[in-house]
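> coords please:
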Amino acid sequence: MLDISTRDGVWLFYDGECPVCNSVADYLRIKKQYGSLHLIDARDPQNSELVQSVNERGFDLDEGVVIVHQGRFFYGQDALKFMARHSPTRNIFSLICKSVFWSENIARLVYPWLKGIRNWLLHRRRIERIDNLRLCEEPIFQSVFGESWEKIAPVIGRRYANRPYTEDKVTVEGALDVMCAGPIRVLAPLFWLLRTVPPMNVKEVPVSVDFHSNPHSKEVAFDRVFKFEKRGSYYLRTRMIQIKANEIMEILNYGICWLATCSWIDEKVVMRHKGYALKLMGHSVVLPITFLFGEVECEETPVDDETFHTRVTIKHPWFGVVYEYKGLLKITSDR
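Model prediction:
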């Protein structure tokens, strides 16, 4: 394998099918004192050995370009900052880079938008991802659970089998007891309006949940249907994504998010509350509202190879448990 970290010059790894990346590669001319510029199209099979050095460091080329200079790797936002710092100002791209990425705060705000534009253009052109890390070959939650993945029960492995950038789908069905009290009951109209958890007090509610991957992202969508006898079907759709390691974010309607850790503890899945946030234009803003709504926790305990017990609670610091749904769910389909 070629070790790119020992090579002279500046090496830019980019997506040759991305119009934005191609424009950058065409315009970019880094100052000569930094050595010759090598443009590496990550989609070109002839560059596979060079790309392997990027893969070994865990850089996802579908999420950002990589620059290598004097043994140092610059990825995504940092790569664009490198371009801004070391490019001449005689072309439009360089001027944009210098005007945007001179500030850490501005760069942090703008970079998710740039990624979004790039992904949208590829989607519009029906261009497949590079997938240089072969992410679609492993379940999303394998990296969330870490070393515990090999220890989890078979039914939990099936429940969390969704791979990123695929059309994987797992369906579970069962019945749940739903309970609400205290501020949740008082604020029930708000919960109905926001289409979050249903604020009801009902036993044995038939429920079905589809966990399905998104072909264009690392998210897993949760499509829940609560079939209430008097209110009819209630649809609750959320999306879950890994932030880092075992930290996850569940995105509800209107960009409201629940932040939690997800672990395999005492032979069950445990999701522990970390806070709330608001997802706005690609950014997450922490919302200090735990004191108002309480802490959310989730547990999933295996029963057999097809069934698990689920329990979701919201515990208020003053009123105790103010919301809960619990019951048995059975996997009826996984493909």
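> Skipping its backbone neighbours, what lies nearest Tyr234 in space?
Phe226 (4.3 Å; CB to CB, 6 or more residues apart in numbering). All C-beta spots, glycine's among them, are computed from the backbone N, C-alpha and C.
> Quick check: that neighbour is in a strand.
Yes - note on Phe226: a strand contains this position according to DSSP: H, G, I helix; E, B strand; the rest coil.
> Quick check: it vs Arg158, distance?
23 Å (CB to CB, to the nearest Å).
> And for Glu104?
Distance from Glu104 to Arg158, by CB to CB: 43 Å.
> mind listing what Leu122 touches?
Leu122 makes contacts with 15, 17-18, 129, as judged by CB atoms under 8 Å, 6 or more residues apart in numbering.
> swap that for Ala188, please
Contacts of Ala188 (CB under 8 Å, 6+ apart): 180, 199.
> Check the gap between it and Arg311 for me.
On the measure of CB to CB, Ala188 and Arg311 end up 21 Å apart.
> Do I have it right that the residue nearest to Tyr234 meets Val197?
No - between Phe226 and Val197 there is no contact under CB atoms under 8 Å: 9.2 Å.
> Now for these two: what residues contact both?
In contact with both Phe226 and Val197: Leu236, using CB under 8 Å, 6+ apart.
> which residues in the stretch 201-335 of the chain form helices?
Using DSSP state H, counting those that start in this stretch, the helices found in the stretch 201-335 of the chain span residues 290-293.
> shaky segments in it?
281 (pLDDT under 70).
> how about a cut-off of 90?
Scanning the stretch 201-335 of the chain for pLDDT under 90 picks out 215-218, 230-231, 253-255, 279-285, 292-293, 334-335.
> how's the chain carved up into domains?
4-124, 138-334 (automatic domain parsing).
> Just give me how far the first one sits from the chain centre.
So that's domain 4-124. Remark: domain 4-124 is offset 22 Å from the chain centroid, using CA atoms, centre = their mean, to the nearest Å.
> Lowest pLDDT pick from the contacts of Leu122?
Scanning the contacts of Leu122 for pLDDT, the low point is Cys18. It has 77.
> Name all residues that make contact with Glu173.
206-209, 329-330, 332.
> Output those in TSV; the columns should cover neighbour count.
Shown next, in TSV, are these (neighbours: other CB atoms under 10 Å):
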residue	neighbour count
Pro206	14
Val207	21
Ser208	16
Val209	19
Leu329	23
Lys330	14
Thr332	12
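> Let me know the closest of the residues you listed to Ile248.
Using CB to CB, Val209 is the member of those that sits closest to Ile248, with 16.6 Å.
> Check whether that closest one really touches Lys330, as I assumed.
No - using CB under 8 Å, Val209 is not in contact with Lys330; the gap is 10.8 Å.
> Next, the contact list for the closest residue to Phe319 other than its chain neighbours, please.
In this structure, Phe319 finds its nearest non-sequential neighbour in Gly182, 3.8 Å apart by CB to CB, 6+ apart. By CB under 8 Å, 6+ apart, Gly182 lies in contact with 316, 319-320, 322.
> What about those, which are in strands?
The strands, defined by DSSP state E, take in 316, 320, 322 from the contacts of Gly182.
> Export those to TSV and append columns for neighbour count.
Below are the ones in strands among the contacts of Gly182 laid out as TSV (neighbours: other CB under 10 Å):
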residue	neighbour count
His316	19
Gly320	11
Val322	22
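> Next, find the distance separating the spatially most central residue of the chain from Asp131.
Nearest to the geometric centre of the chain sits Ile241, at 3.0 Å (CA atoms, centre = their mean). Ile241 sits 17 Å away from Asp131, going by CB to CB.
> try Leu61
In terms of CB to CB, Leu61 sits 9 Å off from Asp131.
> So between the two, which is more surrounded?
Leu61 (25 against 14; other CB atoms under 10 Å).
> show me the contacts for that one.
13-15, 42, 51, 54, 130, 132.
> Ok, Lys227 next?
Here Lys227 is in contact with 205-208, 233-234 (CB under 8 Å, 6+ apart).
> Of these, which belong to strands?
Using DSSP E, the contacts of Lys227 in strands are 205-208, 233-234.
> Return the entry from the contacts of Leu61 with the maximum number of neighbours.
Most surrounded of the contacts of Leu61: other CB under 10 Å gives Phe13, at 28 neighbours.
> Nearest to Ile152 among the contacts of Leu61?
Nearest member of these to Ile152, counting by CB to CB, is Asn132, at 27.5 Å.
> Dump the ones in strands among the contacts of Gly182 to JSON lines, plus distance to Glu150.
Formatted as JSON lines, the ones in strands among the contacts of Gly182 follow (distance: CB to CB, whole Å):
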{"residue": "His316", "distance to Glu150": "37"}
{"residue": "Gly320", "distance to Glu150": "37"}
{"residue": "Val322", "distance to Glu150": "37"}
